[in-house]
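**Student:** I'd like to go over a predicted model; first the sequence, then the structure.
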Amino acid sequence: MRIERFLDALAGKAIEDTLGVKAPAILRPTQDPKHGDYQVNGVMPLAKQQKRPPRELAEKVAEALRSHEAIAEATVAGPGFLNIRLADAWIAARLAESLKDARDGVPESETKQKIVVDYSSPNIAKQMHVGHLRSTIIGHALVQLLRFQGHEVIGDNHLGDWGTQYGLLIAGLRAFGGGDAAVASLSLAQLEGIYVEAKKRAKDDESFADEARRELAKLQSGDAANRALWERFVAITRAENDKVYERLGVSFDWWKGESFYEPMLPGVVDELLAKGLAREDQGAICIFFNELENVPNKLAKQKTPFLIRKKDGAFLYSTSDIATVEHRKSLGVERSIYVVDSRQSQHFEQLFGVVQMLGIQMQLEHVGFGMVLGSSGTALATREGNALTLASLLDEAEARAAVGVREQGIDISEQDMPKVARAVGIGAVKYSDLRQNRLSDYQFDFDKLIEFKGNAGPYLQYAATRGGSIFRTGGIDLASFAPASITLTEPAELALARQLAKFADVVHAAADTCQPHLLCDHLYAVASDFSRFYEACQVLKSEGATRESRLALTAITSRQLRRGLTLLGIEVLERM
Ligand code: ARG
C-alpha cells in the first residue's frame with residue numbers, strides 16, 4: 001500500500017468531514033521522528049482563508065483522525081499543524097500484506113501512459129564517454145521503474161548517426177585513412193582518429209573542406225558507395241557500444257537514430273515556415289522566439305534562435321528532434337523523457353517550446369544530469385593519466401571488485417570469481433552514479449568504489465543476501481514465507497518496520513520525479529535499520545510469534561533490497 005497516499009486521503013477526508021470544506025491535507029513525513037511519522041499542514045492556510053482560529057480547527061481534525069485504526073496519535077502542534085503517529089499494529093498488518101503480494105506491496109499507477117525514455121544516445125564514430133555512461137545508467141533505471149508502475153515504456157537509443165561529420169569521415173578515409181577498402185578492418189578508435197584529423201584538416205585546407213561537403217551531399221542523395229561506408233561506420237560503432245551495453249545489462253526497444261528521421265526533415269522546415277514560426281535569416285532558417293507571439297513564458301525574451309536549416313541546406317540536431325516528437329506523437333506516445341546532460345538544457349527548452357507552439361500535446365521532460373569528475377575534481381583519467389574510455393573504466397571497476405571481494409574474505413571459488421567481480425564492479429559503478437542527486441556533478445573515485453560498508457553498491461548487494469543466508473541457516477524457504485500476522489514490540493523492530501512501510505511511496509516517487517536516488521536512499525536506510533535490528537534482536541533463536549515476526553521483517557528486508565536493486569539495474573547475487 002502507498003501509505004503516504006492513503007494518509008493524505010484520510011486527512012483530506014477528516015478535514016472535509018469536520019470543517020465542511022474540501023482542502024488539500026498537505027501531508028509530509030516529519031523531520032524528527034520524536035514528533036511522529038507524518039505532519040498535516042493543510043489546516044493553517046484553510047483557517048487563514050476562513051478567518052478562524054487554526055489550532056481549534058486542527059483539534060477537530062485531530063479528533064476525527066484518532067478514530068481511525070491506522071492512527072495511534074494525532075496531536076496539534078505549533079501554530080496549527082498536526083502530528084500523526086501511525087499505529088504499530090496497523091503498520092505490521094500492512095507489512096504482512098506486502099509479504100503475500102507478488103509486487104511487494106507496490107501497486108501500479110492508476111493512470112497508465114505510453115512513455116518513451118530517450119537515453120544513452122551516443123554519436124557514431126566516437127567512443128562513448130562517461131556522460132553517455134550516466135545517461136545509460138540513469139535511463140535504464142527509469143525504464144524499469146516506470147515499467148514497474150505499469151506504464152508502456154519504450155527505451156529508445158537515439159543515436160547521433162547523421163550529420164556533417166560523415167562528409168568529413170568519408171573524405172578523410174579516402175584522403176589519408178587507407179581508402180574505402182580499409183574500412184573493413186577499422187576499429188572505433190581508428191575511426192575516431194580519422195574524424196579528428198579530418199576536422200583539423202578541413203579548418204586549414206579549403207579544398208579538403210569542399211571535398212567533405214561534396215561527399216556529404218552525395219551521401220545524402222543516396223550515393224551507393226558513400227552509403228555503404230556510412231553503414232560500416234554505424235556497424236563499427238554499434239559493435240563496440242554493444243559490448244558496453246552487454247556488460248551493463250542494458251538493452252533498448254528502439255534504435256531510432258537521427259538518420260531515421262532524415263526523410264521527414266524538409267517537411268518539418270516547410271511546416272514551421274508555413275505556420276509563420278520560422279523565417280529566413282542570411283540564408284539560414286531559424287525560429288526567433290523573441291519575435292513571435294504565444295511563446296511559452298520562459299522563451300519569450302530569448303534572443304538565441306533555434307536554427308533548423310543551415311545556409312548550405314543542411315538540417316540540424318534541432319530539426320531532427322522536432323521530427324522525432326512528431327513521429328512519436330503519431331505512434332501514440334504521451335510522454336517523452338530525455339536523459340541527457342544538463343548542458344543541453346537550452347536545446348530542450350527551445351525544443352519543448354517549439355512543440356508547444358506547434359500544438360502537439362505531449363508531456364516532455366528533460367531529465368538532466370551533472371558531470372562526472374575525477375577524484376581531484378578534474379576530468380576522469382586512468383592510473384597512467386590517460387583519458388578514460390568506458391571499457392577501461394568498467395575493466396578497472398571489475399578488477400578492483402575482485403580484489404575487494406577477496407579482502408572482504410567472501411568465500412568465492414576461482415571459477416565463480418569473474419561473474420561475481422562483474423556483478424560487484426558494475427553494480428558499484430551504477431550505484432555510485434544512481435545514489436547521487438542526478439543534477440549535481442559528482443566525483444568518481446575508484447578508491448571509494450568497492451565499499452562493503454556505507455552507502456555503496458557492494459554493501460547493498462551484500463545486505464540483499466543476508467536474509468537468504470539467515471533463512472538457509474534456519475532451513476526455511478524464504479520465497480514462500482508469509483506468516484498470518486506480524487507483532488512488533490522492540491524499538492529496533494519498529495524502526496525497521498516504519499522504514500519498510502515506505503517502500504511503495506518511495507518507488508512511485510522515484511519513478512514520478514525521475515529521481516532514482518530516492519530509491520537508493522531508502523534501500524540504504526533499510527539495510528542500516530536491518531543491521532541495527534539484527535544486532536538488537538535474536539531471529540532464529542527466538543520463539544513462537546516473535547520468531548515468525550522477526551523472520552517476516554527479515555524476509556521483507558530481503559525482498560525490498562532485491563526488488564529495489566533490480567529496478568535500479570543492479571545485479572543481486574544469491575550469496576556473498
Ligand atoms: N547524441 C546526443 C549527444 O551525444 C544525445 C541525443 C539525446 N537525444 C535527443 N533526442 N536529443 O549529445
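**Tutor:** Noted; the coordinates are in hand.
**Student:** give me the number of residues near the residue of the stretch 451-576 of the chain found nearest the ligand?
**Tutor:** Proximity of the stretch 451-576 of the chain to the ligand (CB to the nearest ligand atom) peaks at Cys514, 15.0 Å away. For the C-beta atoms, the positions are set from N, CA and C on the backbone; glycine is no exception. Close neighbours of Cys514, defined as other CB atoms under 10 Å, add up to 21.
**Student:** just the helices in the stretch 101-250 of the chain please.
**Tutor:** Applying DSSP state H, counting those that start in this stretch to the stretch 101-250 of the chain gives helices spanning 130-148, 165-176, 188-204, 206-220, 224-248.
**Student:** Dump the fourth one to CSV, keeping only the CA atoms.
**Tutor:** Which is helix 206-220. The C-alpha trace of helix 206-220 is given here as CSV (Å, rounded to 0.1, in the frame of the first residue of the first chain):
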residue,chain,number,x,y,z
GLU,A,206,39.6,24.8,-48.0
SER,A,207,39.7,22.3,-50.9
PHE,A,208,39.5,19.4,-48.4
ALA,A,209,36.6,21.1,-46.7
ASP,A,210,34.9,21.4,-50.1
GLU,A,211,35.6,17.7,-50.7
ALA,A,212,33.9,16.8,-47.4
ARG,A,213,30.8,18.8,-48.3
ARG,A,214,30.6,17.1,-51.6
GLU,A,215,30.9,13.7,-50.0
LEU,A,216,28.2,14.6,-47.6
ALA,A,217,25.9,15.8,-50.4
LYS,A,218,26.5,12.5,-52.2
LEU,A,219,25.7,10.5,-49.1
GLN,A,220,22.5,12.5,-48.5
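**Student:** that older thread, any chance of the helices of the stretch 101-250 of the chain in CSV with distance to the ligand, mean neighbour count and mean pLDDT as columns?
**Tutor:** Formatted as CSV, these follow (distance: least, CB to the nearest ligand atom, whole Å; neighbours: other CB atoms under 10 Å; pLDDT from 0 to 100):
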stretch, distance to the ligand, mean neighbour count, mean pLDDT
helix 130-148, 7, 24, 95
helix 165-176, 11, 23, 95
helix 188-204, 14, 17, 95
helix 206-220, 18, 17, 94
helix 224-248, 12, 16, 96
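**Student:** Leu478: which of the ones you listed is closest?
**Tutor:** Leu478 sits nearest to helix 130-148 of all the helices of the stretch 101-250 of the chain, at 21.1 Å, using CB to CB.
**Student:** Nearest to Glu349, out of the helices of the stretch 101-250 of the chain?
**Tutor:** helix 130-148 (18.2 Å).
**Student:** so what's the backbone phi/psi at the spatially closest residue to Ala463 that is not a sequence neighbour?
**Tutor:** Closest residue to Ala463 apart from its sequence neighbours, by CB to CB, 6 or more residues apart in numbering: Ala527 at 3.8 Å. For Ala527, the backbone dihedrals are phi -60, psi -40 (criterion: degrees, to the nearest 10).
**Student:** circling back to that earlier point, where does the residue of the stretch 451-576 of the chain closest to the ligand sit: helix, strand or coil?
**Tutor:** coil (DSSP: H, G, I helix; E, B strand; the rest coil).
**Student:** Does it touch Phe369 like I think?
**Tutor:** No. The criterion here is CB atoms under 8 Å, and Cys514 misses it with Phe369 at 10.2 Å.
**Student:** Mind listing the shared neighbours of the two?
**Tutor:** Arg438 (CB atoms under 8 Å, 6 or more residues apart in numbering).
**Student:** Near Leu265, how many other residues are there?
**Tutor:** For Leu265, using other CB under 10 Å, the count is 20.
**Student:** Run through the residues of the chain sitting next to the ligand.
**Tutor:** Neighbours of the ligand within the chain, by CB under 6 Å from any ligand atom: 118, 121-123, 158, 160, 321, 324, 338, 340.
**Student:** Let me know the closest of those to Gly177.
**Tutor:** Taking those together and measuring to Gly177 by CB to CB, the closest member is Asn123, at 18.3 Å.
**Student:** ok, back up a step: can you tell me the number of residues neighbouring the residue nearest to Ala463?
**Tutor:** 22.
**Student:** counting contacts, what elements does whichever strand or helix holds Gly12 pack onto?
**Tutor:** In this structure, Gly12 sits in helix 3-19 according to DSSP states H and E. Packed against helix 3-19 by the contact rule (3 or more CB pairs under 8 Å, 6 or more residues apart in numbering; DSSP states H and E) you find strand 27-29, strand 38-40, helix 43-50, helix 54-66, strand 81-86, helix 503-512.
**Student:** sorry, back to before: identify the residue spatially nearest to the residue of the stretch 451-576 of the chain closest to the ligand, adjacent ones excluded.
**Tutor:** Cys514's closest residue in space is Val367 (CB to CB, 6+ apart), at 4.6 Å.
**Student:** State the phi and psi torsions of that neighbour.
**Tutor:** According to degrees, to the nearest 10, Val367 has phi -90, psi 90.
**Student:** Hmm, Leu449 is touching Asp433, no?
**Tutor:** No. If you go by CB under 8 Å, Leu449 and Asp433 don't touch, sitting 10.8 Å apart.
**Student:** so where do the strands sit in the protein?
**Tutor:** Assigned by DSSP state E, the chain shows strands spanning 27-29, 38-40, 71-77, 81-86, 114-118, 152-156, 279-281, 284-287, 306-309, 335-339, 363-367, 372-373, 442-443.
**Student:** Just give the nearest non-adjacent residue to Glu548, would you?
**Tutor:** Pro483 (4.2 Å).
**Student:** distance of the one you found from Arg498?
**Tutor:** Distance from Pro483 to Arg498, counting by CB to CB, to the nearest Å: 19 Å.
**Student:** what residues are up against Leu292?
**Tutor:** Going by CB under 8 Å, 6+ apart, Leu292 touches 277, 357.
**Student:** For the most centrally placed residue in the chain, which non-adjacent residue is closest in space?
**Tutor:** With distances taken as CA atoms, centre = their mean, Ile138 lies nearest the centre of the chain, 3.4 Å away. Counting by CB to CB, 6+ apart, Val339 is the residue found nearest to Ile138 once chain neighbours are left out, at 5.4 Å.
**Student:** what's the neighbour count on that neighbour?
**Tutor:** Neighbours of Val339 under the rule other CB under 10 Å: 27.
**Student:** And the one 4 residues further on, by the same measure?
**Tutor:** Here the number of neighbours of Arg343 (other CB under 10 Å) works out to 12.
**Student:** Mind pulling up the pLDDT for Thr382?
**Tutor:** Looking at Thr382, its pLDDT stands at 63.
**Student:** For Ser320, see how far away the residue of the chain positioned farthest from its centre is.
**Tutor:** Distance from the centre of the chain peaks at Ser207, with 45.9 Å (CA atoms, centre = their mean). Remark: distance between Ser207 and Ser320 (CB to CB) = 29 Å.
**Student:** do the same with Ile26
**Tutor:** Applying CB to CB to Ile26 and Ser320 gives a distance of 43 Å.
**Student:** Give me the more crowded residue out of the two.
**Tutor:** Neighbours of Ile26 and Ser320, each counted by other CB under 10 Å, are more numerous for Ser320; the result is 24 against 17.
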